[in-house]
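Q: attaching a predicted model along with its sequence, questions to come.
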Amino acid sequence: MKKISQMMEMENNFKENNLEQDKALVEALFGKETLMDFDENQMQSSDTFFQKQQAAILKAVGKPKSKIILLSNWSKLAVAASFMAIVVTSYLIIQRNTQTESVTEFVKIEEIPSEEIEHYVNNNEMIAEIDWSSEINEEAEIYDDVILNDITNKDTNNTQ
Amino acid sequence: MHPDQALVIEFQSTTHKEGPFTQLLKRHQQRVYYQIKRMLNNHMDADDVAQQVWIKVWNKLDGFKMESEFSTWLFRIAYNETLNFIQKQQKQSGLNEDADKLSYEDAPTGSDHPKSSQIQIALDRAIKQLPEKQRFVFMLRYFEEMNYEKIATITGTTVGGAKANYHQAIKKMEEILKQD
């Protein structure tokens, strides 16, 4: 037992000596104090910094991981189609609303000044003439038919 | 049982993980931060990297198989995160030729630093010119007083490799000191 403990002690001493030897190599170049100062410069952080860092880490790990979902080709198409559908539907709704806004106002004919009516008739004379002539012709035809019927009726009565 | 081991087991076996995690954080927070700060020599950057390290610990601790000590595993994460940060910085600034010096650009090298002397300036210069791995090994050995087995696990090398890194670092610093 003694031998084992002695061996362990020797091994530890050897390791420590190794460390001391390694440290001595660099201390011989720059001096122990210089190396200590270098490390002190790195260690100028307050306790509040570590508390803040701890809080930041715990906050970061407490958040649920956001998963990135990679879309398949079909899913991409579906997303694109629904986007297009939204765009088209909203366009149609906007169009419909603008149409309803421009409603034609109806005005009673009594309210229109006669000058405006005359002006309209004069400007649309051709149409008016065509309409009138066609109506005259129709009426004349009807009139002719009536007269002819009367004549034929009279003729038949006379023969009887 | 080592207190870290008990806390890791508690973390892995409970749904209320914040308790054991906070304990682990309190036990190792300062050592991790100071090691990163020695590497980067910048408070804000060291704070950011240290936070990333602990977030990684939270995410990976369930899968930690305790094949090494918790502190070894933790410092390995810190080593990887620090090196990643330095590499990102180098890419962003595009100063690849000054790769080894970059993270030490703002090191206090002027006489206006409160504690600066010629020898301190020389030490700062020497440290900033070391390659990252040698610098990390040097810091762990000299300031954290870690054994080479642990350093080898942290830096992903052999014991012989870790020893070589330490001695190469000192040799390089000696050369730089002679140049000055």
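A: Ah, there it is.

Q: C-alpha from now on. contacts and neighbour counts both.
A: Fine.

Q: would you check that B:L25 makes contact with A:Q54?
A: Yes. Counting by Cα atoms under 8 Å, A:Q54 is a contact partner of B:L25 at 7.5 Å.

Q: is chain A contacted by stretch B:117-129?
A: Yes. With Cα under 8 Å from any Cα of the partner chain as the measure, stretch B:117-129 is seen reaching chain A through B:119-120, B:123.

Q: in TSV, list the residues you listed along with neighbour count, secondary structure and pLDDT.
A: Formatted as TSV, those follow (neighbours: other Cα atoms under 10 Å in any protein chain shown; DSSP: H, G, I helix; E, B strand; the rest coil; pLDDT from 0 to 100):
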residue	neighbour count	secondary structure	pLDDT
B:I119	16	helix	88
B:Q120	22	helix	87
B:L123	23	helix	91
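
Q: as JSON lines, the residues you listed with distance to A:A80 would be great.
A: Shown next, in JSON lines, are the residues of stretch B:117-129 next to chain A (distance: Cα to Cα, whole Å):
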{"residue": "B:I119", "distance to A:A80": "67"}
{"residue": "B:Q120", "distance to A:A80": "63"}
{"residue": "B:L123", "distance to A:A80": "61"}
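
Q: quick one: secondary structure of A:F106?
A: For A:F106, the assignment made with DSSP: H, G, I helix; E, B strand; the rest coil gives coil.

Q: ok, it - contacts?
A: For A:F106, no contacting residues are found, by Cα atoms under 8 Å, 6 or more residues apart in numbering or on different chains.

Q: distance of it from chain B?
A: From A:F106 across to chain B, the span is 72 Å (Cα to the nearest Cα, to the nearest Å).

Q: what helix or strand is B:E67 on?
A: Remark: B:E67 resides in no helix or strand, with elements defined by DSSP states H and E.

Q: what about it, how many residues close to it?
A: By the measure other Cα atoms under 10 Å in any protein chain shown, the count of residues near B:E67 is 8.

Q: kindly report the residues of chain B close to chain A.
A: Counting by Cα under 8 Å from any Cα, chain B sits next to chain A at B:18, B:22, B:25-26, B:29-30, B:34, B:37-38, B:41, B:47, B:51, B:54-55, B:58, B:115, B:119-120, B:123, B:141-143, B:145, B:147, B:170, B:174, B:177.

Q: so of those, which ones are in strands?
A: Using DSSP state E, no member of these falls in strands.

Q: which ones among the residues you listed are found in helices?
A: Among those, the members found in helices (DSSP state H) are B:18, B:22, B:25-26, B:29-30, B:34, B:37-38, B:47, B:51, B:54-55, B:58, B:119-120, B:123, B:141-142, B:170, B:174, B:177.

Q: now, of those, which are buried?
A: Neighbour-count burial within these applies to B:22, B:25, B:29-30, B:34, B:37-38, B:47, B:51, B:54-55, B:58, B:119-120, B:123, B:141-142, B:170, B:174, B:177; the criterion is 16 or more other Cα atoms under 10 Å in any protein chain shown.

Q: may I see the buried residues of the helix or strand containing B:H167?
A: Element membership of B:H167, judged by DSSP H and E, is helix B:159-179. Neighbour counts over helix B:159-179 (16+ other Cα under 10 Å) mark B:159, B:162-163, B:165-167, B:169-170, B:172-174, B:176-177 as buried.

Q: one more: stretch B:8-22?
A: B:8-12, B:17, B:20-22.

Q: which one of these is nearest chain A?
A: Distance to chain A across the buried residues of stretch B:8-22 (Cα to the nearest Cα) is lowest for B:T22, with 7.8 Å.
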